[in-house]
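Colleague: need a structure here:
(chains A and B)
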Amino acid sequence: KAGVTQTPRYLIKTRGQQVTLSCSPISGHRSVSWYQQTPGQGLQFLFEYFSETQRNKGNFPGRFSGRQFSNSRSEMNVSTLELGDSALYLCASRREGNEQFFGPGTRLTVL
Amino acid sequence: KQEVTQIPAALSVPEGENLVLNCSFTDSAIYNLQWFRQDPGKGLTSLLLIQSSQREQTSGRLNASLDKSSGRSTLYIAASQPGDSATYLCAVTPSLGAAGNKLTFGGGTRVLVKP
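Modeller: Below you'll find the predicted structure:
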């Protein structure tokens, strides 16, 4: 069974630009969550989608948004990029109430 | 608000020694607790999942215990090997409900196993 996949793996952007990251969950998993990992703040929850609906949202500004499609694939978007948005963005999928599986992440660098 | 703590932040042991990694959480209303491994610059690999009704879970050289009442979990890795060098993270899922599947992570313990 294929694992969680994320594209692209690496991104370099400049301040003020916007970026879209993609995540394909494990087949059969309807819950997709996004996390940001930085050396200073560790792993922080961004949001969770289940059956195309945002079920939970972390404490991030409105520049961070996401969506989920009918095939459970998810995208997250960050607008008006800031230097502090440089991070590893991780996507995870799970069947309800069960083990959460993470993708390899997208490394975003904002210059 | 749930807070998860892992102490120490870093640990160095000689090869063959058993590893003991600690995780504590402030709110005992959890649905499950999961241990992960992360290699530098990589994603998270799930090691063990313990449901709130369980006391421990085992997989090969790994054993994790859970004591909800005291808000603690311990990951034991027997006979450590250099390949066990990584950062180990624990994370809790709150009891099912409005919080959904949000994981709250500890800061991790960086482990170095010396040959």
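
Colleague: anything in stretch A:10-26 near chain B?
Modeller: No: Stretch A:10-26 lies out of reach of chain B by C-beta under 8 Å from any C-beta of the partner chain, never closer than 10.2 Å. C-beta here means a position set from N, CA and C on the backbone, and glycine is covered the same way.

Colleague: pLDDT (mean, whole number) over that stretch?
Modeller: For stretch A:10-26, mean pLDDT is 97.

Colleague: how about low-confidence regions in chain B?
Modeller: Counting by pLDDT under 70, chain B shows low-confidence ranges at B:96-100.

Colleague: What parts of chain B come near chain A?
Modeller: Checking chain B against chain A by C-beta under 8 Å from any C-beta, the hits are B:31-32, B:34, B:36, B:41-46, B:49, B:89, B:91, B:93, B:96, B:98-105, B:107-108.

Colleague: Can you say which of the residues you listed are buried?
Modeller: For the residues of chain B next to chain A, a burial check counting by 16 or more other C-beta atoms under 10 Å in any protein chain shown picks out B:31-32, B:34, B:36, B:43-44, B:46, B:49, B:89, B:91, B:93, B:99-105, B:107-108.

Colleague: In strands only, show me those.
Modeller: Using DSSP state E, the members of these that fall in strands are B:31, B:32, B:34, B:36, B:44, B:46, B:49, B:89, B:91, B:93, B:104, B:105.

Colleague: Test of understanding: give the bridge partners of the second one.
Modeller: In this structure, residue B:32 bridges to residue B:51, residue B:93 when assessed by DSSP bridges.

Colleague: so what's it up against?
Modeller: By C-beta atoms under 8 Å, 6 or more residues apart in numbering or on different chains, the contact list for residue B:32 reads A:97, B:49, B:50, B:51, B:52, B:92, B:93.

Colleague: Just among these, which is most surrounded?
Modeller: Highest neighbour count within the contacts of residue B:32, by other C-beta atoms under 10 Å in any protein chain shown: residue B:92, with 29 neighbours.

Colleague: Name the nearest residue to that one, ignoring sequence neighbours.
Modeller: Distances taken as C-beta to C-beta, 6 or more residues apart in numbering or on different chains put residue B:30 closest to residue B:92, at 4.6 Å, once the chain neighbours are dropped.

Colleague: any idea how far the one you found is from residue B:89?
Modeller: According to C-beta to C-beta, to the nearest Å, residue B:30 and residue B:89 sit 15 Å apart.
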